[in-house]
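Student: This is a predicted model, with the sequence first.
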Amino acid sequence: MYVNEFVVNKKNSNNTENTSFFNPFWVDKSNETPKKKARKILKIVLRWLKILLYAFLLLMGLWGCFQTMIEPETKTSTNLGQGLEFGYLPFCGVTDPRYVLSASYINQGLGWYGYSINNFNFAYGPFYALFVWPGASLVLSIMYPMRDAWGAMNALLAIFVLLFIIRTITLLISLRSTFQMERMQDVQGKLAEINAKYKGMNDRESMMKKQMETRAIYNKYNVKPFAAFEQMFITLPIFLIVYRVVTILRPLKGAMLFDIWNLSETPLNQVFSNLTNDGWKYIFFILIVVPVQIISQKLPQKLSKIRSRNSKAVSQKGNDQAKRMNMVQNIMTVFLVFIVVSSATGIGLYWFLSSLFSIAQALIVHKIIMNRRKQNKQDKSSRIAKELGIEL
């Protein structure tokens, strides 16, 4: 026989009313305030908005990556008047031939190959319209007023400004990803203890307890395991945006950086096929860009090891995982170096500037984390001293 209890505590108007129901068939959650409910709903909405945003960015990245395979009109070329080009329309007041799409080129009977700063449209799909067109318009707007600058300095400045804006917009996600990776390292020792505690226990109850304890550690230290991978969802679209901007801009075709390197030429091809003429000059470009690229990949990992507080507490499994991650990092570094030397010099210029941003960001984040740890240590010491009645 079930016994229902109905407890109502009523107080005067100056106090709150607390009502509790105890019933074997249902549980009353009326003690949850409207503010808590609204906060919970907002959290769920923001989570789904984030998922949709990352899914959209990933879709756009894949779209931009495979678009040229199915749409020939979006293919690019290093030669003027060939492939998709971005510039000013004829008769728009701009007379410099380096910036104007020729009338004969715009309609060759092979499709619409001219993409104009004067005409925003979805002719080449959402990736070009929503991402490439704004970036290309910005770069072109900076380059044209400085079109007579020595050594394509206008191109260098324009790419720097574009990269600075993109990195500033994505800075919050990058920092969040970095801090989450740091927190994951901080709890490695505690996770190793949990793994050792349930080692060899494969029954359902033990696995559930292990998951609960692991989740409790994540909640206590505010660790979100998948947050460290958020940056991956924006890396591909960012690279493709800059890649398309650099490869379709008409004034960049034939531009000579410092009057030495042609931004449309490929360093690796120049070294192997044109070494005795001007190809040897690209050896110096490779020697400048590649080391900076390697440093930008290795420096965050090195700084992370320096500030790792739980490196001695990590289990053998954790050490093996770190070795695998290091191997993956080395493979990625080699892959990126190959991209730099086998792509147009303009892409190499982008990677060089991007690497400088990454190095600066890694140093700044390292400084912030070390200062935060120092402050936390001082606060902890002050709290202990206060509890013991000791004046520091």
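Tutor: Nice, I can see it.

Student: which stretches of the stretch 251-392 of the chain form strands?
Tutor: For the stretch 251-392 of the chain, strands defined by DSSP state E, counting those that start in this stretch occupy the ranges 256-257, 261-262.

Student: Out of the ones you listed, which one sits most buried?
Tutor: Compared across the strands of the stretch 251-392 of the chain, strand 261-262 shows the largest average neighbour count, a mean of 22 (mean count of other CB atoms under 10 Å). Placement of C-beta: from N, CA and C, glycine included.

Student: who does that one touch, helix- and strand-wise?
Tutor: Applying 3 or more CB pairs under 8 Å, 6 or more residues apart in numbering; DSSP states H and E, we find strand 261-262 packed against helix 281-306.

Student: same for the helix it packs on, what does it pack against?
Tutor: Where contact means 3+ CB pairs under 8 Å, 6+ apart, helix 281-306 is packed against helix 171-186, strand 261-262, helix 267-273, helix 316-342, helix 345-388.

Student: need the helix or strand of this protein with the lowest average pLDDT.
Tutor: When each helix and strand of the chain is scored by mean pLDDT, DSSP states H and E, strand 5-9 comes last, with a mean of 41.

Student: Verify the stated contact: Y144 with V100.
Tutor: No. Counting by CB atoms under 8 Å, V100 is not a contact partner of Y144; they are 10.4 Å apart.

Student: Endpoints of stretch 244-255, how far apart?
Tutor: In stretch 244-255, first residue to last residue: 16 Å (CA to CA, to the nearest Å).

Student: With distance to P300 and mean pLDDT as new columns, can the strands of the stretch 251-392 of the chain be given to me in JSON lines?
Tutor: What follows is the strands of the stretch 251-392 of the chain, written out as JSON lines (distance: least, CB to CB, whole Å; pLDDT from 0 to 100):
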{"stretch": "strand 256-257", "distance to P300": "28", "mean pLDDT": "90"}
{"stretch": "strand 261-262", "distance to P300": "28", "mean pLDDT": "90"}
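
Student: Out of the ones you listed, flag the one nearest I51.
Tutor: Closest approach to I51 among those (CB to CB): strand 256-257, 41.1 Å.

Student: strand partners of that closest one, parallel vs antiparallel please.
Tutor: With DSSP bridges as the test, strand 256-257 is paired with strand 261-262 (antiparallel).

Student: quick one: the partner strand to chain centroid distance?
Tutor: Centroid separation for strand 261-262 versus its chain: 29 Å, with CA atoms, centre = their mean, to the nearest Å.

Student: what comes into contact with that strand?
Tutor: For strand 261-262, contacts defined as CB atoms under 8 Å, 6 or more residues apart in numbering pick out 254-256, 267, 281-282, 285, 345.

Student: Likewise for stretch 291-303?
Tutor: Contact with stretch 291-303 is made by 178, 326, 329, 332-333, 336-337, 340, 351-352, 354-356, 358-359, 362-363, 365-366, as judged by CB under 8 Å, 6+ apart.

Student: and if we set it to 10 Å?
Tutor: Contact partners of stretch 291-303, identified using CB atoms under 10 Å, 6 or more residues apart in numbering, comprise 178, 181, 322, 325-326, 329-330, 332-334, 336-337, 339-341, 348, 351-363, 365-367, 369-370.

Student: list the buried ones in it?
Tutor: 292-294, 296-297, 299-300, 303 (16 or more other CB atoms under 10 Å).

Student: Same question for stretch 203-211.
Tutor: Across stretch 203-211, burial judged by 16+ other CB under 10 Å covers K210.

Student: rewinding a little: more crowded one of Y144 and V100?
Tutor: V100 (21 against 18; other CB atoms under 10 Å).

Student: How many residues are close by the closest residue to that one other than its chain neighbours?
Tutor: The shortest distance from V100 to any residue other than its chain neighbours is 5.1 Å, reached at Y88 (CB to CB, 6 or more residues apart in numbering). Neighbours of Y88 under the rule other CB under 10 Å: 21.

Student: what's the spacing between Y88 and A38?
Tutor: 51 Å (CB to CB, to the nearest Å).

Student: Can you flag the buried ones in the contacts of stretch 291-303?
Tutor: Among those, those scoring as buried are 178, 181, 322, 333, 336-337, 340-341, 348, 351-355, 357-359, 361-362, 365-366, 369 (criterion: 16+ other CB under 10 Å).

Student: Identify the residues contacting the nearest residue to A155 once chain neighbours are set aside.
Tutor: Among residues not flanking A155 along the chain, A255 sits closest, at 5.3 Å (CB to CB, 6+ apart). By CB under 10 Å, 6+ apart, the contact set of A255 is 98, 143, 151-152, 154-156, 249, 261-264, 345-346.

Student: For V246, see how far away A255 is.
Tutor: Remark: distance between A255 and V246 (CB to CB) = 10 Å.

Student: How about I306?
Tutor: When I306 is compared with V246 (using CB to CB), they lie 35 Å apart.

Student: Looking at the two, which one has more neighbours?
Tutor: Remark: of I306 and V246, V246 carries more neighbours, 26 against 9, as counted by other CB under 10 Å.

Student: is it true that that one touches L257?
Tutor: No. Counting by CB atoms under 10 Å, V246 does not reach L257; the two are 11.9 Å apart.

Student: what residues do those two have in common as contacts?
Tutor: Common contacts of V246 and L257 (CB under 10 Å, 6+ apart): 155, 263, 345-346, 348-349.

Student: Got phi/psi on the residue nearest to M143 when sequence neighbours are not counted?
Tutor: Spatial nearest neighbour of M143, excluding adjacent residues (CB to CB, 6+ apart): N154 at 4.5 Å. Per-residue torsions, N154: phi -60, psi -40 (degrees, to the nearest 10).

Student: tell me the contacts of N154?
Tutor: 139, 142-148, 251, 255.

Student: all helices for the stretch 1-150 of the chain, in order.
Tutor: Along the stretch 1-150 of the chain, counting by DSSP state H, counting those that start in this stretch, helices occupy 34-70, 103-106, 126-127, 133-143.
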